[in-house]
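Student: Build the 3D model from these lines:
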Amino acid sequence: MNFRTRALAYAGAGAAGLFATGLFAAPALAADEADVLVKPLSTKIAVDAGLKFFRFDFKNEGPGVATDTTLSFDLSGLDPKVVDFIPEDVKVDGVKLVKDTDDEIVFEIGDGAPGETLPFQLPIILKDGAEKGSAGSFKVSIKSTAPDPDESNNSATIPVEVVESGPDLTTIAYDVRAEDGEPVKPGATAPFFWTVANEGGQTVKGVVLQITLPEHVTFVDEYPACTITPDQRILTCEDPNVEIEPGYEIEETIPVKVSADAPGPVTLSGGLLKAAASGVISPELARGAKAAKTLGGFEVVPIDEEPPADVDPADNTAEFSVFVGGTGGGGGGGDLPVTGVQAGLIGGVGLAVLAGGGALLLMSRRRKVVLVTPGDETPTA
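Tutor: Residues are numbered from 1 along each chain as shown. Got it, this is the predicted structure:
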C-alpha cells in the first residue's frame, strides 16, 4: 500500500473530517472564563503499521464559552528519518486554515461550548525501514480569547514511539445532541455516534466493547450478544467473529434517551467508550489459512489462543458528554449553545444501527470516506 497517498487523502480525516464531526458549537452564551485543554491519548505505533492516526482530545471545561478558538500543531520535533506527516489544505465550514508549513499547522475553529470535546486524529506515517525506538515528538496547543483560569493544560508534547507488532485499537466517541443540533430535550431520544479502528499491524479477531452513559441517559434498544445493566446505562458486548484488519474501522450510531426528569439545561459528562481485542490473526497464520482450508464452505482461519496485548492501550477509551436542553419550548435548547456541522453529519453517517445477523459490530471497512455534511460525502480511494 502507498501510505503516502493514503495520508494525503486523510489529512482530511484527521483535520477536516473530524473537525466536521466534533466541531465546536457556535454558542449563544456570553463569554466568560473558559478552561481549554489538550488531553493526549496515543503515543505508540506498531513497527509494521505503516500509518497511525494519533488520538487526542481538545476540551473546554468551561464554565464559559471558549471564544475564537485556535488549534496549533508543531511538528518540528518529529524525527524525519523515521516518520513523516503531510499536511493537506482543509476546506470545512467554520474551520479556517491560517498556517500550513512543513513544521507547523494552525486552524481557527470558532467558539467552543462549555463541556464540549473535540476528538482529533493526526496521521503519522512510518518511513520504509523504520525500526523500533523513539521517533521524536510533536506539540499540540489550544487557545481561545476567553480568559483561561489554567493555561498549564493548553498544550502538550506527545512522544512518538515505534514498538513491536500487534493490534492497536483506537476509539472515538462524539458528544450527543439532537439531530437538529440542539441539546436533547428531557424525555427525548438522540443519536450517539462512535468508531473503533485498528491502527496496528495485525488483524483483530473478536472485539469486546463497553459503553457507559452519563447519569440520566439510557439505552433505547437491546442488542444481540450484549448485556445491559438494570439501570440501562452500561452496555457490554462481545462479538467473537468480527475481524478488523489494519487500517479498517467500525462505525456505529445507536439511539440513547435522556430521562424526562433530567436537569436542564446542562452538560452531562461521564460517558465512556472502551474497546479491546479478544484475539488476533497473525500474518503467518492468516497466510497458511488461505491454502483452501474450508469447512462447510466457510474458510477456517486459525487465531492466536491468548488474547493479544494492545500496542497502545491508552487510546482504547474515549470520553463523551450529552448536551441536555431545558424543559420549555423552542426545541429544548434552553440556554445551551447549538452545533452546526456535527448534528447533520451524525444524523447521516453510520446509520447501520446494530441490526441483523446477531452481530453488534456491523461495519469493518477501510478508511475511505472523509466525513462531511451528508450529501457532500466524498470517497478518498
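Student: mind checking how far L273 is from I105?
Tutor: Using C-beta to C-beta, to the nearest Å, one gets 27 Å for the distance from L273 to I105. The way it works is simple: take the backbone N, C-alpha and C, and place the C-beta from them, glycine included.
Student: repeat for D310
Tutor: Between D310 and I105 the distance is 29 Å, computed by C-beta to C-beta.
Student: Please name the nearest non-neighbouring residue to V38.
Tutor: Spatial nearest neighbour of V38, excluding adjacent residues (C-beta to C-beta, 6 or more residues apart in numbering): A156 at 4.4 Å.
Student: Then V98?
Tutor: With C-beta to C-beta, 6+ apart as the criterion, V98 has its nearest non-adjacent residue at 5.0 Å, and that residue is V106.
Student: got it, and E238?
Tutor: Closest residue to E238 apart from its sequence neighbours, by C-beta to C-beta, 6+ apart: V208 at 4.8 Å.
Student: Give me the contacts around the strand or helix carrying that neighbour.
Tutor: Using DSSP states H and E, V208 sits in strand 203-212. Counting by C-beta atoms under 8 Å, 6 or more residues apart in numbering, the neighbours of strand 203-212 from elsewhere in the structure are 167, 169, 173, 192, 194, 196, 198, 233-246, 250, 270-281, 286, 301, 303, 308, 360-361.
Student: ok, K127 to S155 distance?
Tutor: Distance, K127 to S155, using C-beta to C-beta: 27 Å.
Student: that older thread, give me the pLDDT value at the residue nearest to V38.
Tutor: Each residue has a pLDDT score; the one for A156 is 96.
Student: Listing partners with orientation, what would you give for the helix or strand it falls within?
Tutor: Mapping A156 onto the secondary structure by DSSP H and E places it in strand 155-163. The strands beside strand 155-163 in its sheet (DSSP bridges) come out as strand 44-46 (parallel), strand 133-143 (antiparallel).
Student: C-terminal to that strand, what's the next element?
Tutor: Beyond strand 155-163 toward the C-terminal end (DSSP H and E), the next one is strand 169-173.
Student: Would you mind getting the angle between that next one and strand 203-212?
Tutor: 30 degrees (axes from the mean of the first three to the mean of the last three C-alpha atoms, to 10 degrees).
Student: in its sheet, what does strand 169-173 sit against?
Tutor: Pairing partners of strand 169-173, with direction, according to DSSP bridges: strand 189-198 (antiparallel).
Student: Check the average confidence over the strand it pairs with, would you?
Tutor: 92.
Student: picking that back up, surely the residue nearest to V38 meets D57?
Tutor: No - using C-beta atoms under 8 Å, A156 is not in contact with D57; the gap is 10.5 Å.
Student: Common neighbours of the two, please.
Tutor: Residues within reach of A156 and of D57 at once, by C-beta under 8 Å, 6+ apart, are V38, K39.
Student: Buried residues of the strand holding A156, list them for me.
Tutor: Judged by neighbour count using 16 or more other C-beta atoms under 10 Å, the buried positions of strand 155-163 are A156, I158, V160, V162, V163.
Student: just checking, L37 touches G62?
Tutor: No - contact criterion C-beta under 8 Å: L37 and G62 do not qualify, at 11.0 Å.
Student: Between the two, point out the one with more neighbours.
Tutor: Neighbours per residue, other C-beta atoms under 10 Å: of L37 and G62, the larger number sits with G62, 21 against 18.
Student: before we move on, what SS does the more buried one have?
Tutor: Put simply, G62 is strand when judged by DSSP: H, G, I helix; E, B strand; the rest coil.
Student: helix or strand for the closest residue to it other than its chain neighbours, which one?
Tutor: On the basis of C-beta to C-beta, 6+ apart, the spatially nearest residue to G62 that is not a chain neighbour turns out to be P114, at 3.2 Å. Counting by DSSP H and E, no helix or strand carries P114.
Student: tell me the contacts of P114?
Tutor: Counted by C-beta under 8 Å, 6+ apart, P114 has contacts L29, A34, N60, E61, G62, P63, G64, V65, T267.
Student: Closest one of the residues you listed to L118?
Tutor: When these are compared for distance to L118, the smallest value, 8.5 Å, is given by N60; criterion: C-beta to C-beta.
Student: For that closest one, grab the count of nearby residues.
Tutor: The burial count assigned to N60 is 29, neighbours taken as other C-beta under 10 Å.
Student: Helix or strand with the lowest mean pLDDT in the protein?
Tutor: For the chain, counting by mean pLDDT, DSSP states H and E, strand 369-370 ranks last in confidence among helices and strands (a mean of 27).
Student: Need the contact partners of stretch 256-263.
Tutor: Stretch 256-263 is contacted by residues 176, 184-192, 213, 216-220, 268, 322, 324 when judged by C-beta under 8 Å, 6+ apart.
Student: does V207 have beta-bridge partners, and which?
Tutor: Where V207 sits in a bridge, its partners, by DSSP bridges, are D239, A277.
Student: For burial, what's the neighbour tally of it?
Tutor: For V207, the tally of surrounding residues (other C-beta under 10 Å) stands at 26.
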